[in-house]
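1. below: sequence and its predicted model.
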Amino acid sequence: QLQLVESGGGLVQPGGSLRLACRVSGFNVSVYSIAWFRQAPGKEREAVSAMHRSGLFPEYADSVKGRFTISRDIPNNAVNLQMNSLKPEDTAVYYCAASRLVWGLSAEYDYWGQGTQVTVSL
């Protein structure tokens, strides 16, 4: 059974950092493209970052470019999202998603995690 579990969310002050992890089970992370999305209260879901199953071609939304980094952790079968210089507007529930056939910020992903809350506030 395919499963994605996010972790690493929490409360952080503006300018701080968090590292989110998306651990996958039921499949090898190297054969699925993974993306991170976020959704803030009252707003539409936004694609934040994506990585092709090859581990190459990372993509970032303009709002996070230069601050967030997506990376793959093969030994732990996970994909991480390092978030630096966090801003209050980064506050949202963050989800990871997977697909074997499509990839990129605009793709429709097949499998989703339950999400982890990130709150950036004083």
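-> Thanks, I have it. Numbering: from 1, shown residues only.

2. is it correct that Ala97 is in contact with Gly113?
-> Yes: the pair Ala97 and Gly113 qualifies as a contact (Cβ atoms under 8 Å) at a distance of 7.3 Å. Every C-beta, even on glycine, is put in place using the N, C-alpha and C of the backbone.

3. list the residues that contact both of the two?
-> Leu4 (Cβ atoms under 8 Å, 6 or more residues apart in numbering).

4. in the chain, which residue is most central in space?
-> In the chain, the centroid-proximal residue (Cα atoms, centre = their mean) is Trp36; its distance is 2.7 Å.

5. show me what the strand or helix carrying that residue is packed against.
-> With elements taken from DSSP states H and E, the one containing Trp36 is strand 33-39. Counting contacts by 3 or more Cβ pairs under 8 Å, 6 or more residues apart in numbering; DSSP states H and E, strand 33-39 is packed against strand 18-25, strand 46-51, strand 68-73, strand 78-83, strand 92-99.

6. if we use 10 Å, what do you get?
-> strand 18-25, strand 46-51, strand 68-73, strand 78-83, strand 92-99, strand 111-112 (3 or more Cβ pairs under 10 Å, 6 or more residues apart in numbering; DSSP states H and E).

7. compare those strands and report which one is nearest to Leu105.
-> Of all the helices and strands packed on strand 33-39, it is strand 46-51 that lies closest to Leu105, at 4.0 Å by Cβ to Cβ.

8. and the closest one, which residues are buried?
-> 47-51 (16 or more other Cβ atoms under 10 Å).

9. how many other residues sit next to the nearest residue in space to Gln117 that is not next to it in sequence?
-> Closest residue to Gln117 apart from its sequence neighbours, by Cβ to Cβ, 6 or more residues apart in numbering: Gly9 at 4.8 Å. For Gly9, the tally of surrounding residues (other Cβ atoms under 10 Å) stands at 18.

10. ok, Gly9 - contacts?
-> 18, 20-21, 83, 92-94, 115-119 (Cβ atoms under 10 Å, 6 or more residues apart in numbering).
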